[in-house]
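Peer 1: Sharing a model prediction with you, sequence too.
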Amino acid sequence: MSLKNDLLLRAARGESTDRTPVWLMRQAGRILPEYRAVREKLSGFKELVETPELAAEVTIQPVDILEVDAAIIFSDILVIPEAMGLTYEMIEKKGPHFPKTIKSSSDIDTLKVADPSELSYVYDAIKLTKSELNNRVPLIGFAGAPWTIFSYMVEGGGSKTFSKARGMLYTNPSDAHRLLDMITNTTIGYLKSQIAAGADLIQIFDSWAGVLPPNHYWEFSLKYISEICDAIDEVPITVFAKGAWFALKEMNDLNCNTIGLDWNMDPLKTREVLNSKTLQGNLDPCALYSSFDEIEKETKKMLDQFEGHPHIANLGHGVYPDTDPEKVKCFINSVREFSSR
């Protein structure tokens, strides 16, 4: 059965659409009271990720409440290192933490390329979500880019500098490549299984792209993203590399359909460089703190900059958790109003 709303998939393929499709990174989350009501009943974030029925419920909430043009499966990029043998914790108001980190070659020896079946709870959530969505909108699957996953595994959590992870690229590049290879192979199997379960589009998140110098980004990140893109041909692929403005020219050669832009990237300049790609983004998430009139104005300004180029409207990063859902709705409705043809 075909999708009732396939705007996102048509835009990703570079086809013309009646209006610009819109969704938000982190749309399934703390901005919604309905999400918080589910979350508060549980032991923690990981229980929600690992319980397919609940993950499906919070995945669908933004479709029902915000009326976005796509759902994105509720999960976490750090399920990959956990499946490989490195357990993480999600600490409330602090973020992810790895009790054990990768410091040496012997630490890498304790890891494995995970069998996709070890993440069956994600595929079960996708199957449930697809069934309950009843072909209303596409479902996006996702994974973290190998460098971003690597950075958490070596650093142990979030960081302003990721100096331990970046340091390994200088002090032991062979071990870095070995670990990145393992992450990449695990990720390819994981994404293919998401697609087999029903994901209509895949997004690769390289959240920490911008901490690397250009030569290291090309060697230790883009190379592995390219391998993932080359391995997947079943559905459209989006690559979102925050802060990687210096690698846009190289991204044009990636075997993917869409490049996500953060809010620091100039749409007019970027569309000249990425002339073969659909572009996604890139309103500053902080614009949603402003007045309704200002949100409408900023949204129209963004849409005007992408006019004439295949575009998926989104923020330049995930929506911040203290954002008023009514302001999010204003953004979504403004995209609909100003982009209708």
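Peer 2: Yep, it's here.
Peer 1: Report how many residues lie close to the spatially closest residue to residue 232 that is not a sequence neighbour.
Peer 2: Leaving aside its sequence neighbours, residue 232 sits nearest to residue 191 (CB to CB, 6 or more residues apart in numbering; 5.9 Å). Quick note: C-beta positions are derived from backbone N, CA and C, even for glycine. By the criterion of other CB atoms under 10 Å, residue 191 has 24 neighbours.
Peer 1: Which positions in the host helix or strand of residue 191 come out as buried?
Peer 2: Here residue 191 sits within helix 173-197, counting by DSSP states H and E. Neighbour-count burial for helix 173-197, counted by 16 or more other CB atoms under 10 Å, picks out 175-176, 179-180, 182-195, 197.
Peer 1: The residue nearest the centre of the chain: what's it in contact with?
Peer 2: The centre of the chain sits closest to residue 205, judged by CA atoms, centre = their mean, with a distance of 4.2 Å. By CB atoms under 8 Å, 6 or more residues apart in numbering, the contact set of residue 205 is 77, 142, 143, 144, 145, 148, 240.
Peer 1: Whatever helix or strand it lives in - what's its average pLDDT?
Peer 2: Using DSSP H and E, residue 205 sits in strand 201-206. For strand 201-206, mean pLDDT rounds to 98.
Peer 1: now swap in stretch 88-106 and tell me
Peer 2: 92.
Peer 1: got it, and stretch 10-25?
Peer 2: 97.
Peer 1: Okay, and the beta partners of the residue nearest to the centre of the chain?
Peer 2: Beta-bridge pairing of residue 205 under DSSP bridges involves residue 144, residue 240.
Peer 1: Tell me the spacing between it and residue 230.
Peer 2: 18 Å (CB to CB, to the nearest Å).
Peer 1: Packing partners of the helix holding residue 191?
Peer 2: If you count contacts as 3 or more CB pairs under 8 Å, 6 or more residues apart in numbering; DSSP states H and E, helix 173-197 packs onto helix 79-84, helix 105-109, helix 120-133, strand 139-144, helix 146-155, helix 163-171, strand 201-206, helix 223-231.
Peer 1: So for residue 1, what's the pLDDT?
Peer 2: 65.
Peer 1: Surely residue 301 is in a strand?
Peer 2: No - using DSSP: H, G, I helix; E, B strand; the rest coil, the assignment for residue 301 is helix, not a strand.
Peer 1: start at 27 instead
Peer 2: In the new count, where the first residue is 27, that last one comes out as residue 327.
Peer 1: neighbours of it, just the number please.
Peer 2: Using other CB under 10 Å: residue 327 sits among 13 other residues.
Peer 1: List the residues that contact it.
Peer 2: So residue 327 contacts nothing (CB under 8 Å, 6+ apart).
Peer 1: Repeat that for residue 364.
Peer 2: Listed by CB under 8 Å, 6+ apart, the contact partners of residue 364 are 322, 325, 326, 329.
Peer 1: Now list the buried members of the residues you listed.
Peer 2: 322, 325, 329.
Peer 1: Pick out whichever of those sits closest to residue 126.
Peer 2: residue 325 (44.3 Å; CB to CB).
Peer 1: Looks like the closest one contacts residue 360 (just checking).
Peer 2: Yes - using CB atoms under 8 Å, residue 325 is in contact with residue 360, at 3.9 Å.
Peer 1: For the closest residue to residue 103 other than its chain neighbours, give its distance to residue 325.
Peer 2: Of all residues not flanking residue 103 in the chain, residue 170 sits nearest, at 3.2 Å (CB to CB, 6+ apart). In this view, residue 170 and residue 325 are 28 Å apart by CB to CB.
Peer 1: go on, residue 362?
Peer 2: Taking CB to CB, one finds residue 362 at 10 Å from residue 325.
Peer 1: Format the buried ones among the contacts of residue 364 as CSV; extra columns: pLDDT and distance to residue 70.
Peer 2: CSV is the format used below for the buried ones among the contacts of residue 364 (pLDDT from 0 to 100; distance: CB to CB, whole Å):
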residue, pLDDT, distance to residue 70
322, 98, 38
325, 98, 35
329, 98, 39
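Peer 1: how about those in a markdown table, adding distance to residue 152?
Peer 2: Formatted as a markdown table, the buried ones among the contacts of residue 364 follow (distance: CB to CB, whole Å):
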| residue | distance to residue 152 |
| --- | --- |
| 322 | 35 |
| 325 | 30 |
| 329 | 31 |
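Peer 1: just those residues now: which is nearest residue 271?
Peer 2: Looking across the buried ones among the contacts of residue 364 and measuring by CB to CB, the closest to residue 271 is residue 329, at 21.0 Å.
Peer 1: Quick one: residues contacting the closest one.
Peer 2: Counted by CB under 8 Å, 6+ apart, residue 329 has contacts 46, 337, 339, 361, 364, 365.
Peer 1: Would you check which pair of the residues you listed lies furthest apart?
Peer 2: Once CB to CB is applied, the contacts of residue 329 give 337 and 364 as the farthest pair, at 11.9 Å.
Peer 1: tell me the contacts of the residue of the chain positioned farthest from its centre?
Peer 2: The outermost residue of the chain relative to its centre, with distances by CA atoms, centre = their mean, is residue 132 at 30.9 Å. Going by CB under 8 Å, 6+ apart, residue 132 touches no other residue.
Peer 1: ditto for residue 143
Peer 2: residue 219.
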